[in-house]
Structures are given as structure tokens and as C-alpha cells.
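J.: the following block contains a protein sequence and its predicted model.
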Amino acid sequence: MKDIEKKLLNNFQEKDKTLLKKRIMSSVERYKRKRKIKRLYWAAAIAVLIIVSGAVYKNAQRFDDSYVKLLETTKVGTIKEVQLVLSDDVLTVSKSDSIIVYNNSDNMVLIGNSKTAKNSAIVMNTVVVPYGRHTQLKLADGTHIWLNAGSKLVYPSSFSGDKRIVYLEGEAAFDVAHDKQHPFTVKAKNHEIEVLGTVFNVSCYSDEKAVTTALESGSVRINYESGNILNTKKSVTITPGTIASYNKDEKQVSTKEGNVSNYFLWRKGLIVFKNDDMEYILKRLSRYYNVPIEVRNKDRFQQTFSGYLDLKTNIEEVLNIISESSTFTYTKQENNIIIE
């Protein structure tokens, strides 16, 4: 009898063990399934986020690229007068008609004191300034812009939405109409400057190594593409009396305090250089006078120059001033300057 009871007890324990094992395995399988479902859920969520972010980035990039193409349509070296490109017309702005004014109430564009043109509402316009010229324009919001030689600006005929955005290649001085609800942004390649209302100068020529921003009043925030692996954007805010320089190769911004008024003197035909290399100076002179300058034996031409130049005189007089403190000579062949 005892043997039978012992056997039954053992059988019961085995069944109990088997049942317990099944329950444990079932719980483990359910736990694994839940973890797998969670992993799939988060993977799907991340994938959707990446797709949406990519779509937003591509749309923003496409938005920017469309206006970058406008900047590239007209070459500054192929024209002799300032050109205003409207939605359906191209107007020439002569020297006597150097100010372009937008009237927001009736979509009219006033060129100087005589010429007017009807502009379609909220379309992109372009001003192209050839070498040897500079011009002014007043946007529909009241912002005043001075454009230097060899510059192009793309902007809307009338601002809409929550931002005021313009696209610049070259150099311009801005006196931005204050509007706290609608920040004003100047965009260049890998670089943008955001303001509410202020006075500043931006130099972002494609053939120069840096984008320079000089702030006279107000406050600006500079957003730029950094040089890290993810190519993320960084920002720096500068105050009046500050000069910010964005190195295009290193993708970094450096700031310093200085006499920012010197950066606005080109509007009066004056330039101040401070320890600037001759390559930079000659590029500026070439744009301003619309005269090609060829430098021979550049390896020996590593000097810097500091001084004040009055560009209202002819280029020969300016080069004579520079050569007095340097070791070069030059010759003029037809419309070209050859630096020996």
C-alpha cells in the first residue's frame, strides 16, 4: 500500500512540475512577444519620424534651392547696368535711377523718380548689381538695403507668413524695419542671419573664404552649418560693435569687437583695410572698378595692407597708394591690370 501511495505521489509531483514548466514557458513566450511588439512599434515610430523629418528637410531644402537657382540665373560679369528681374519683366536701372522702392499698397515698383512697374503680388524678385556699380532698394515692409558691386539679392515683392526672408550673394548693408512678430532673415550658403529690426552689413561673396557680419545696432542671431559629422546647425548671437566671421572651409564662426562703421563706408565710396592680404584687397578693387586684375607670381605676393582708400578716384591712383607701402609694380593693358 505504501509503495502505491509513493508512486501516486511521485506521479502527482511530475504532473505538477510539468504543468508549472508549461506555465513558465507560456509566460516567457508572452513576454517575448510583448517585447518584440514594442520593438517593432518603436522602430516604426522612429522610421516615421525619420521619413517626416526627411520630407520636411527636403521641402525646406527644395524651397531654398529654388531661390539659389534664381541667384545663379544672371551672371554679374555679363551686364553693365543694374537689373531688376520682376515676375514677367526685366528692367534696367540706370545710374540716375539708383533707388528702387516697393509700394505695398498697390504692388507698384518705383525706379528713381520716373519709371514705375506693376508687380504681381507675392512673387520673387531679383536685383543684380554688376561690377563697378552699387544700388539701393526699399522693400515693401520699409527695410532699406544698399547693395555693393557684384551682388545679387532675391526677395519677395511683398512679405507674407510669419517670416521675412531674403537671399544674398555678395555684400549688402541692411536697415531692417522693426517687426517683432515677423523676424527678418538674410540667407546665404550654409549661413543665415536672423534679426527683428537692426542695422548690419553682410559680405558673402562666393569667391571669398568667409562670410562677415558687422553689427551696428540691435541684435542678430547667426545660424550656420557646423563642421561636425552630423552637419548640425549651430547659432551665435552678437551685440552692437561686434564683427562675426564664418569660415566656409572650417564651418566655424569667430567674433571680435571693432570699429563696425568701417564696414559701411563702401556706400560712400570709401574702404578701410586692416592687415588684409593683397588677394582680398585686389578682389574688392576689381569688383568696385569692374576691371580684371591679374597677379603674376602669387607665391611672392603674401603681403598685408592697412589703410584708407578713396574709391571715388580712379584705380591707378588707388594702386599707386598701395604700391607705396608694398613691393609691386603694375601695368595697364587695355582694360586689364597686370600686377608684377
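T.: Structure's in. What do you need? Residues are numbered from 1 along each chain as shown.
J.: ok, so what distance separates residue 221 from residue 123?
T.: Separation of residue 221 from residue 123 (Cβ to Cβ, to the nearest Å): 28 Å. Where you see a C-beta, it was placed from the backbone N, CA and C, and this is true even at glycine.
J.: again, but for residue 148
T.: From residue 148 to residue 123 the distance is 25 Å (Cβ to Cβ).
J.: out of those two, which sits in the busier spot?
T.: Neighbour count, other Cβ atoms under 10 Å: between residue 148 and residue 123, residue 148 has more, with 21 against 13.
J.: tell me where this structure has helices.
T.: Secondary structure of the chain (DSSP state H): helices located at 2-73, 278-289, 315-324.
J.: show me where pLDDT drops low in the stretch 201-340 of the chain?
T.: Of all residues in the stretch 201-340 of the chain, those with pLDDT under 70 make up the ranges 228-231, 299-301.
J.: what's stretch 233-246 in contact with?
T.: The contact list for stretch 233-246 (Cβ atoms under 8 Å, 6 or more residues apart in numbering) reads 191, 210-226, 252-258, 260, 263.
J.: mark which of the residues you listed are part of strands, please.
T.: 191, 210-217, 220-225, 252-257 (DSSP state E).
J.: thought residue 276 was touching residue 307?
T.: No. Using Cβ atoms under 8 Å, residue 276 makes no contact with residue 307, being 9.5 Å away.
J.: identify the contacts common to the two.
T.: Residues touching both residue 276 and residue 307 by Cβ under 8 Å, 6+ apart: none at all.
J.: for residue 202, list the residues it contacts.
T.: The contact partners of residue 202, by Cβ under 8 Å, 6+ apart, come to 168, 171, 172, 173, 174, 186, 188, 193, 211, 212, 213.
J.: show me what the second one is bridged to.
T.: I take that to be residue 171. Note on residue 171: beta-bridge partners by DSSP bridges are residue 203.
J.: quick one: it and residue 281, what's the gap?
T.: For residue 171, the distance to residue 281 - Cβ to Cβ - is 14 Å.
J.: so residue 158 makes contact with residue 122?
T.: Yes. Taking contacts as Cβ under 8 Å, residue 158 lies within contact range of residue 122: 5.2 Å.
J.: give me the pLDDT value at the residue nearest the centre of the chain.
T.: Centroid-nearest residue in the chain, with Cα atoms, centre = their mean: residue 188, separated by 2.0 Å. Residue 188 carries a pLDDT value of 86.
J.: going forward, count from 56.
T.: That works, and once the first residue is 56, the last one we named lands at residue 243.
J.: so what's the nearest residue to it once chain neighbours are set aside up against?
T.: Leaving aside its chain neighbours, residue 243 sits nearest to residue 259 (4.1 Å; criterion: Cβ to Cβ, 6 or more residues apart in numbering). Residue 259 makes contact with 223, 224, 225, 226, 243, 244, 246, 266, 267, according to Cβ under 8 Å, 6+ apart.
J.: same thing but at 10 Å, please
T.: 206, 223-227, 241-246, 248, 265-268, 301, 303 (Cβ atoms under 10 Å, 6 or more residues apart in numbering).
J.: repeat for residue 328
T.: 317, 335, 336, 339, 359, 360, 361, 362, 363, 364, 377.
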